[in-house]
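>>> sequence unavailable; structure follows:
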């Protein structure tokens, strides 16, 4: 397994996938670095890439019409930044800004989607893994809706 | 009703007359941590109660008002430290106590965190909201006995940055341990994590197969945290949670805190997830 494939396999979305599948993804990777408070992507733009964070921290936020951006969640090492690339209309939903210098593997999503169109094994594997990731984020969002720490009784 | 020293001694005990008789303590420090949360440091008027272990609880009593179970938040010699959230009549009265006031204390009760099980292993501490209170003395012990444990990681989930309990204590923990704090709602100046605690568990440096996890917080949060830890490879018997129930007698007689075959006051409040999970699942069916 190449070094890049090994690094991809550290992420749950690619862990334990067939080496052939991981190798296909590895062909779409570019290593990138962002400074602190640098915009990674902007809501409304085409989701033509996504990122695997190796170091640093990124805020996912939304910009209200008046006022400061509201941070919805943060992502760090081991997390995947961007899931809109896999689902039509492939459009980014939120802003992403680094909170610290950040190293990441950028995946060319346009190229990866084309590969998926022609390779059903690759496409199925990635859809299944990203569906799991989207499920995990849905669960986390629902937990936060419960406002668990608002009234937890006496200690 | 305020308890004064003369009649406090006459209706309580100063020498530990048995588990049902409160021992009179005097408030020596009262700190408002948050709008609705106060930490009391209480000192025995005469003889001290047996030394509590992290994870155990005491029953705090105010005559004419009532008695509530409160986890140990810390120890300072013979002084007991309790952090109390104001959620009802008794806790409201407790949070209103001033330095010099008296209260009755019974305890310590229940099974604590059993830190001895974690010696030689990695330790993962997961606290949610007020769950940091019973975990605080455990983390203090981990630091004071640091050489006997492997990687120690503390993950704290909270509603917002300004409602985090013990911010200075947490900062001091971070000097010797891996400590991550995440909040549900961030203020504009917050550059830390935003999200639920389970999302941070993939990033901690403990070895899931060789760790003991100590988890405390709202029950729903504990369920998801325990399942996330187990999914990463930690056996369910190595995931310890602290349950909260309406303890009354605190010695397993009255049954108020019964959960399936267990009395949480006596068998718990700290229990392995392997014992808790089947009971909670059966209850929810």
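Sure, I can see it. Not measured: the values here are computed from a predicted model.

>>> name the nearest residue to the most centrally placed residue in chain A, sequence neighbours excluded.
Chain A has residue A:81 as the residue nearest its centroid, 2.3 Å off, counting by Cα atoms, centre = their mean. Closest residue in space to residue A:81, ignoring its immediate chain neighbours: residue A:51 at 4.0 Å, by Cβ to Cβ, 6 or more residues apart in numbering or on different chains. (Each C-beta comes from the backbone N, C-alpha and C, glycine too.)

>>> same deal with residue A:79?
The nearest residue in space to residue A:79 (Cβ to Cβ, 6+ apart) is residue A:53, at 5.2 Å.

>>> on that earlier part again, contacting residues for the residue nearest to the centre of chain A?
Counting by Cβ atoms under 8 Å, 6 or more residues apart in numbering or on different chains, residue A:81 touches A:40, A:50, A:51, A:52, A:53, A:58, A:60, A:75, A:96, A:104.

>>> switch to 6 Å and redo it
Going by Cβ atoms under 6 Å, 6 or more residues apart in numbering or on different chains, residue A:81 touches A:51, A:53, A:58, A:75.

>>> where does pLDDT dip in chain A?
A:1, A:151-155 (pLDDT under 70).

>>> burial measure for the residue in it that chain B sits nearest to, as a count.
Nearest residue of chain A to chain B: residue A:149, at 3.3 Å (Cβ to the nearest Cβ). Residue A:149 has 23 neighbouring residues, counting by other Cβ atoms under 10 Å in any protein chain shown.

>>> likewise for residue B:51?
The local packing of residue B:51 (other Cβ under 10 Å) involves 12 other residues.

>>> look up phi and psi at it.
Main-chain torsions, residue B:51, degrees, to the nearest 10: phi -70, psi 120.

>>> pretty sure residue B:240 is touching residue B:214, no?
Yes. Using Cβ atoms under 6 Å, residue B:240 makes contact with residue B:214 at a distance of 5.3 Å.

>>> shouldn't residue B:75 be within a strand?
Yes. Per DSSP: H, G, I helix; E, B strand; the rest coil, residue B:75 lies within a strand segment.

>>> and it, how far from chain A?
Using Cβ to the nearest Cβ, to the nearest Å, residue B:75 is found at 15 Å from chain A.

>>> ranges for the helices of the chain?
Since you didn't name a chain, this refers to chain A. Under the criterion DSSP state H, helices of chain A are mapped to A:3-9, A:19-26, A:109-118, A:120-145.

>>> actually it's chain B I care about, not the one you picked
Here chain B has its helices, by DSSP H, at B:5-11, B:89-95, B:132-144, B:167-173, B:219-231, B:273-284.

>>> next, the buried residues of the second one.
Buried residues in helix B:89-95, defined by neighbour count with 16 or more other Cβ atoms under 10 Å in any protein chain shown: B:90, B:91, B:93, B:94, B:95.

>>> nearest to residue B:38, of those residues?
Comparing the buried residues of helix B:89-95 against residue B:38 with Cβ to Cβ places residue B:95 closest, at 4.2 Å.

>>> how far away is that closest one from residue B:131?
Distance, residue B:95 to residue B:131, using Cβ to Cβ, to the nearest Å: 19 Å.

>>> and residue A:88, by the same measure?
42 Å.

>>> what does chain B put close to chain A?
Proximity of chain B to chain A (Cβ under 6 Å from any Cβ of the partner chain) is limited to residues B:68, B:70-71, B:83, B:85, B:87, B:91, B:129-130, B:133, B:159, B:184, B:186, B:188, B:191, B:193-196, B:199, B:202-203, B:218, B:220-221.

>>> give me the buried subset of these.
B:68, B:70-71, B:83, B:85, B:87, B:91, B:129-130, B:133, B:159, B:184, B:186, B:193-196, B:199, B:203, B:218, B:221.

>>> adding neighbour count, write the contacts of residue A:81 out as CSV.
CSV is the format used below for these (neighbours: other Cβ atoms under 10 Å in any protein chain shown):
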residue, neighbour count
A:51, 22
A:53, 23
A:58, 25
A:75, 25
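
>>> out of these, who's nearest residue B:258?
Distances from residue B:258 to the contacts of residue A:81, taken as Cβ to Cβ, are shortest for residue A:75 (42.5 Å).

>>> quick one: the closest one and residue A:58 touch, right?
Yes. The criterion here is Cβ under 6 Å, and residue A:75 meets it with residue A:58 at 5.0 Å.

>>> wait, what's in contact with residue B:30?
Residue B:30 makes contact with B:40, B:97, B:99 under the criterion Cβ under 6 Å, 6+ apart.

>>> redo that, cut-off 10 Å
By Cβ atoms under 10 Å, 6 or more residues apart in numbering or on different chains, residue B:30 lies in contact with B:38-42, B:94-101.

>>> then residue A:123?
Applying Cβ under 10 Å, 6+ apart to residue A:123 gives the contacts A:21, A:86, A:112, A:113, A:115, A:116, A:117.

>>> any idea how far residue A:106 is from it?
Residue A:123 is 20 Å from residue A:106, by Cβ to Cβ.

>>> and what of residue A:99?
Plainly put, residue A:99 is 18 Å away from residue A:106 if you go by Cβ to Cβ.

>>> more crowded one of these two?
The neighbour count for residue A:99 versus residue A:106, taken as other Cβ under 10 Å, is higher for residue A:99 (21 against 17).

>>> in this structure the more buried one contacts residue A:73, no?
No. Counting by Cβ atoms under 10 Å, residue A:99 stays clear of residue A:73, with 11.7 Å between them.

>>> what touches both of the two?
Shared contacts of residue A:99 and residue A:73, counting by Cβ under 10 Å, 6+ apart, come down to A:58, A:59, B:193, B:194.

>>> what residues are bridge-paired with the last one?
So that's residue B:194. Beta bridges link residue B:194 to residue B:183, judged by DSSP bridges.

>>> same question, the second one
Residues found in beta-bridge contact with residue A:59 (criterion: DSSP bridges) are residue A:74, residue A:97.
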